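Enquirer: this is a predicted model, with the sequence first.
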Amino acid sequence: MRPKDESRTLILLTNVFPFHDWEPFLETEIAYLTGFAAIEVFSLSVTDEHARIRRTIENPLVDVHRVRRRPHWRYALGAPRVVFHQEFWSELGMLRRTGAFTFPRLIELTAFLSRAIIEARDVVRTLRDKGVKGRPILYAYRFYYQPYLAHLVAQSLREGVIVARAHRADLYEEVSPTGYLPLRKWSLRHVKRLWLVAEHGRRYLAERYPDCADVLEVSYLGSRNEFGIASRSQSRRPLRLVTCSTMVPVKRLDRLVRALGLVDPGSVEWVHYGDGPLRDELVALAAQELDGRIDYRFAGALGHDALMGELWRGGFHLFANVSESEGVPVSIMEASSFGIPVIATDVGGSSELVGSDNGTLLDADASPDAIAAAVRHFQSLDDDIYSSYAAAARRTWETKFDATRNYARFASELAGF
């Protein structure tokens with residue numbers, strides 16, 4: 001790393017942010033990004049629907065530039081130009097040599113490159129109009145096509161240092177519909193640093209690309225808690241359980257519903273925050289499994305501040321996350337910050353947040369019976385033992401996932417490149 005140079009520009013490539021509600025944790029991080037002359041935020045692939053909502057950024061250095069998402073046919077028309085990029089032929093050769101070539105993967109590679117090429121032109125045009133100079137830092141908040149876009153921008157400007165973050169869908173190839181993410185090795189060789197949001201992610205890439213391991217570093221995301229430790233009834237009869245997620249298959253809320261159908265009648269009160277395409281299906285399942293057995297409520301999606309207020313005042317004894325895949329679940333960080341113990345499946349970086357002192361880590365494919373047993377365990381604990389779990393949950397957040405500490409450290413490191 002170079003000494004911090006406050007005359008440099010940070011070029012931040014985001015996924016729609018600050019439009020709509022995407023990338024909520026970048027909203028926290030960006031307030032800590034200082035030490036630059038300016039921060040040019042390029043919101044990539046923004047639709048008119050996204051643009052109806054624009055969040056306020058609490059950083060006076062920031063200027064936001066919307067990069068419009070084109071219709072699919074527009075990216076398709078740009079596809080023929082990918083054949084003029086060496087990376088296309090190198091990647092195609094790798095797929096054929098390794099026996100990984102399929103037509104869907106060819107389509108994904110072509111779309112990946114076409115999107116980067118088209119959107120990079122918009123970014124370069126804006127930067128030239130603004131007269132950006134001085135070896136800027138290009139920070140790709142997602143590790144998909146954004147690092148390649150950053151490479152094209154740096155080539156056009158004839159200077160620039162490329163760094164990136166990786167989370168979940170932009171990291172784990174098996175969660176992609178094709179089981180493939182283009183230009184993995186190429187991207188790792190062209191970034192000066194790739195920050196992973198969990199040690200699990202760092203190991204995942206280091207095992208697959210050992211010759212690129214030196215660019216990998218863990219930098220935890222973080223949450224803020226301006227409320228303090230939540231108050232709750234000492235009695236856990238009924239035990240107040242809270243979950244927070246979108247209603248999509250990967251979150252396996254149907255499995256949680258079936259688990260709660262196995263606990264003693266009247267022993268649990270459950271509140272879920274979040275919405276999504278499976279809402280109607282989950283409401284119907286809950287009516288079938290839970291009506292007349294336990295109290296439950298689907299509270300819908302809330303803004304972040306409102307949700308934090310609900311976690312603080314809701315009197316919750318336990319938080320649950322039974323996902324089949326995760327990066328590092330920020331919802332668990334947030335629950336821990338209030339001193340709420342957690343049960344979670346051992347997927348992604350969950351084991352870095354949940355241990356035997358602050359919750360229960362379940363098998364990755366935990367059954368409804370196992371989930372129900374974990375809920376009963378916390379209901380049956382002696383008050384002093386339960387209080388020790390709650391204190392450990394808060395301590396985990398304070399030492400590892402406090403946004404002020406984590407983002408200040410990250411911002412200092414970023415400014416030094």
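Expert: Arrived safely, thanks for sending. None of the values given here were measured: they were computed from a predicted structure.

Enquirer: Three-state assignment for Tyr273, please.
Expert: Taking DSSP: H, G, I helix; E, B strand; the rest coil as the rule, one finds Tyr273 in the strand state.

Enquirer: gap between the nearest residue to it once chain neighbours are set aside and Asp214?
Expert: Leaving aside its chain neighbours, Tyr273 sits nearest to Cys244 (4.5 Å; criterion: Cβ to Cβ, 6 or more residues apart in numbering). For the C-beta atoms, the positions are set from N, CA and C on the backbone; glycine is no exception. From Cys244 over to Asp214 the distance is 37 Å, taken as Cβ to Cβ, to the nearest Å.

Enquirer: which one of these two has more residues nearby?
Expert: Ranked by neighbour count (other Cβ atoms under 10 Å), Cys244 and Asp214 place Cys244 first, with 24 against 10.

Enquirer: phi first, then psi, for that one.
Expert: Cys244 adopts backbone torsions of phi -150, psi 110, taken as degrees, to the nearest 10.

Enquirer: what of Phe101?
Expert: Main-chain torsions, Phe101, degrees, to the nearest 10: phi -70, psi 130.

Enquirer: cool, Ser356 as well?
Expert: Per-residue torsions, Ser356: phi -70, psi -10 (degrees, to the nearest 10).

Enquirer: need the contact list for Phe227.
Expert: Residues in contact with Phe227 (Cβ atoms under 8 Å, 6 or more residues apart in numbering) are 308-309, 312, 338.

Enquirer: how does it look with 7 Å?
Expert: With contacts defined as Cβ atoms under 7 Å, 6 or more residues apart in numbering, Phe227 is in contact with 308, 312.

Enquirer: per-residue pLDDT, it?
Expert: The predicted local confidence for Phe227 comes out at a pLDDT of 94.

Enquirer: Ser245: neighbouring residues, count only.
Expert: By other Cβ under 10 Å, 21 other residues sit near Ser245.

Enquirer: that one against Arg252, yeah?
Expert: No. Look at Ser245 against Arg252 with Cβ atoms under 7 Å: they stay out of range, at 9.5 Å.

Enquirer: all strands of the stretch 1-150 of the chain, in order?
Expert: 9-15, 38-46, 62-68, 137-140 (DSSP state E, counting those that start in this stretch).

Enquirer: looking at these, which is buried most?
Expert: Most buried of the strands of the stretch 1-150 of the chain by mean neighbour count (mean count of other Cβ atoms under 10 Å) is strand 137-140; its value is a mean of 26.

Enquirer: can I assume Tyr209 is in contact with Lys185?
Expert: Yes. If you go by Cβ under 7 Å, Tyr209 and Lys185 touch, sitting 5.8 Å apart.
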